[in-house]
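Engineer: Just the structure for this:
(one chain, ligands or ions: 1)
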Amino acid sequence: DRRDDATVAIDDLVLVSNRQPYRHEYDDGKVTVDTPVGGLASAIDPVMQRTDGTWIAWGDGDADFDVVDGDDQVQVPPSDPAYTLERIGLTDYEVRGYYEGYANQALWPLCHTATGRVSFETDHWEQYRDVNAQFADVVSGHVDSDTTVWFQDYHFVLAPRMVRAAAPDAFQMQFFHIPWPAPDVFRLCPQSEAILDGLLGNDLLVFHTPRYCANFLQCVDQHCDGATVDWDTDSVVSEGRTTQLAAIPLGVDAPTIRDTVAADDSVAWAQFRARHDVGEETVAIGVDRLDYTKGIPRRLDALERLFETRPDLRGEFTYIQKGAPSREGIPAYQRLRETVEDRIRALNDRFGTDEWSPVVYTTRTLDRDVLYSLYRHSDMAIVSPLRDGMNLVAKEYVAAQVDSDGVLLLSPFTGAYEQLGEAAVAFDPYDTDRAAEAIERAIEMDDAERWRRMRRLRRAVHETDLAWWLDEAAATADDVRESRTH
Ligand code: GDG
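Structural biologist: Numbers count the residues shown, from 1 in each chain. All right, here's what the predicted structure looks like:
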């Protein structure tokens with residue numbers, strides 16, 4: 001029985017996320033199901049499988065699913081049904097306003113302090129609010145006083161308050177996967193009060209790091225008239241109820257990554273190298289959604305600087321960029337993709353030889369075991385976001401380093417750096433000279449130092465892995481729930 005070996009048990013769980021964990025295709029009575037790429041869904045699916053709960057999500061991409069008339073329920077996983085997946089259909093118009101509009105052109109850049117990219121449009125806001133209301137309606141239909149509602153991320157900042165109005169006794173929590181900005185940045189948002197009020201509908205609000213919690217509390221303090229911050233307990237009282245803040249950094253499934261990699265026979269790595277003409281040189285890898293927050297052009301600046309100042313590295317060092325196309329309906333993302341591809345072409349034209357290219361670029365989706373094999377065999381990973389809530393690629397790279405001979409270059413502006421700190425080599429995306437020097441340092445680092453740093457990183461990544469995170473979230477929810485009833 002799956003419930004017996006559960007480390008986490010949240011009874012009567014209703015989970016709400018934008019993306020669904022399974023996507024169904026209906027074709028002439030035949031149903032095929034796939035699991036979209038993405039850390040969150042694959043992380044939470046096993047928890048749901050132990051709870052017999054309900055997962056509510058946007059029915060994105062389900063062919064033949066009647067999106068205009070709304071809801072649709074299926075039992076998942078298809079092979080061994082354990083819980084209910086309820087899909088909410090959205091019209092193209094709603095998707096443009098709620099998802100591409102307010103979520104990804106207002107909240108996403110705002111929370112990443114990319115103020116120049118923020119755009120607030122009334123119509124987007126209205127669609128965002130309406131879609132939150134649709135989700136809140138469906139959630140309210142599943143809820144009684146024993147239910148835990150768990151919202152994921154910035155797509156649902158208004159729904160908690162809406163559900164609270166319909167179901168005052170339900171326990172509501174939310175995990176934010178992205179940063180929370182400083183008050184001076186947050187005040188740019190015309191809807192700042194409504195957003196804070198919406199989130200304060202939760203009993204428990206969880207971020208990756210203490211920094212984001214502190215930013216949130218300062219925003220409430222400065223921009224929310226009806227709410228009082230208790231700085232001693234990291235909580236807020238509004239409308240007679242308390243919202244507890246907590247920092248629980250999301251982890252990766254480190255044991256599974258380690259075991260997958262340990263069983264790896266290097267065939268995938270050999271095939272990848274053969275396909276892309278990578279020889280015996282030193283290899284760095286970057287794995288990112290093609291998002292402007294990931295700092296890819298600045299990483300390419302650093303590589304360019306490196307090959308300018310160290311011509312001897314030509315032919316001796318190759319950077320592999322695995323990019324995943326993302327949010328392609330949004331112009332900023334189309335431009336970013338073009339910029340990255342143009343820059344890589346220019347770098348390869350300028351420095352490449354007949355036998356060697358400084359940058360190997362692919363957008364092909366890789367199977368997990370292939371991705372892990374690339375991590376294991378790369379001499380370093382370069383993770384250079386301008387800002388990033390956590391960055392799971394950094395942790396996956398560490399978990400795959402079973403030989404402890406790789407180097408993690410990590411931007412200080414990631415949640416991962418805040419958590420793992422200086423065992424990684426700092427890679428500052430805003431300072432090209434220093435960033436290039438960091439790569440040089442990683443190339444030249446002796447085995448003892450590589451090993452010492454990687455051992456420290458590995459310990460931290462295993463100690464705070466995905467199972468730990470789920471336990472912490474469940475235990476924190478229990479504590480908060482207990483303190484409410486006494
Ligand atoms: C958000 C926050 C936070 C990538 N290419 C392939 C592939 N991937 C997987 C990686 C990794 C995931 O995608 C990306 O996760 P990140 O954490 O790096 O970034 P975001 O997508 O921006 O995620 C972030 C995260 O939420 C969790 O809270 O860390 O800060 O922005 O797991 O491995 N997976 C496969 N093939 C690929 O080609 N299988």
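Engineer: residues touching the spatially most central residue of the chain, list them.
Structural biologist: The residue lying closest to the centre of the chain (CA atoms, centre = their mean) is residue 177, at 5.6 Å. Neighbouring residues of residue 177 by CB atoms under 8 Å, 6 or more residues apart in numbering: 40, 152, 153, 154, 208, 250, 389, 390. Just so you know, the C-beta spots here come from the backbone N, C-alpha and C atoms, and that holds for glycine as well.
Engineer: which ones among these are found in strands?
Structural biologist: residue 152 (DSSP state E).
Engineer: Would you reformat the contacts of residue 177 as CSV and include distance to the ligand and neighbour count?
Structural biologist: Converted to CSV, the contacts of residue 177 look like this (distance: CB to the nearest ligand atom, whole Å; neighbours: other CB atoms under 10 Å):
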residue, distance to the ligand, neighbour count
40, 6, 17
152, 9, 20
153, 8, 19
154, 10, 23
208, 7, 27
250, 5, 26
389, 3, 25
390, 3, 25
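Engineer: Can you pull the residues of the stretch 51-200 of the chain lying near the ligand?
Structural biologist: Contact residues (CB under 6 Å from any ligand atom) of the stretch 51-200 of the chain with the ligand: 177, 178.
Engineer: What residue in the stretch 51-200 of the chain comes nearest to the ligand?
Structural biologist: Nearest residue of the stretch 51-200 of the chain to the ligand, counting by CB to the nearest ligand atom: residue 177, 3.5 Å away.
Engineer: in the stretch 151-300 of the chain, which spans are helices?
Structural biologist: Using DSSP state H, counting those that start in this stretch, the helices of the stretch 151-300 of the chain run over 159-166, 183-186, 192-199, 210-223, 254-262, 267-275, 296-309.
Engineer: Do a quick rundown of the helices in the stretch 351-486 of the chain.
Structural biologist: Under DSSP H, counting those that start in this stretch, the stretch 351-486 of the chain gives helices at 368-377, 392-400, 415-420, 432-444, 447-463, 466-485.
Engineer: Using a markdown table, lay out these together with mean pLDDT.
Structural biologist: Shown next, in a markdown table, are the helices of the stretch 351-486 of the chain (pLDDT from 0 to 100):
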| stretch | mean pLDDT |
| --- | --- |
| helix 368-377 | 95 |
| helix 392-400 | 97 |
| helix 415-420 | 97 |
| helix 432-444 | 98 |
| helix 447-463 | 98 |
| helix 466-485 | 92 |
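Engineer: Dump these to CSV, plus mean neighbour count.
Structural biologist: Listed next are the helices of the stretch 351-486 of the chain as CSV, based on neighbours: other CB atoms under 10 Å:
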stretch, mean neighbour count
helix 368-377, 21
helix 392-400, 28
helix 415-420, 23
helix 432-444, 18
helix 447-463, 16
helix 466-485, 16
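Engineer: Distance to the ligand for the ones you listed - can I get that in JSON lines?
Structural biologist: As requested, the helices of the stretch 351-486 of the chain are exported to JSON lines (distance: least, CB to the nearest ligand atom, whole Å):
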{"stretch": "helix 368-377", "distance to the ligand": "5"}
{"stretch": "helix 392-400", "distance to the ligand": "3"}
{"stretch": "helix 415-420", "distance to the ligand": "6"}
{"stretch": "helix 432-444", "distance to the ligand": "19"}
{"stretch": "helix 447-463", "distance to the ligand": "13"}
{"stretch": "helix 466-485", "distance to the ligand": "10"}
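Engineer: Turn those helices into TSV, columns for distance to residue 287.
Structural biologist: Shown next, in TSV, are the helices of the stretch 351-486 of the chain (distance: least, CB to CB, whole Å):
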stretch	distance to residue 287
helix 368-377	7
helix 392-400	5
helix 415-420	13
helix 432-444	16
helix 447-463	16
helix 466-485	18
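Engineer: closest to residue 222 out of those?
Structural biologist: Comparison of these against residue 222 by CB to CB identifies helix 415-420 as nearest, at 22.8 Å.
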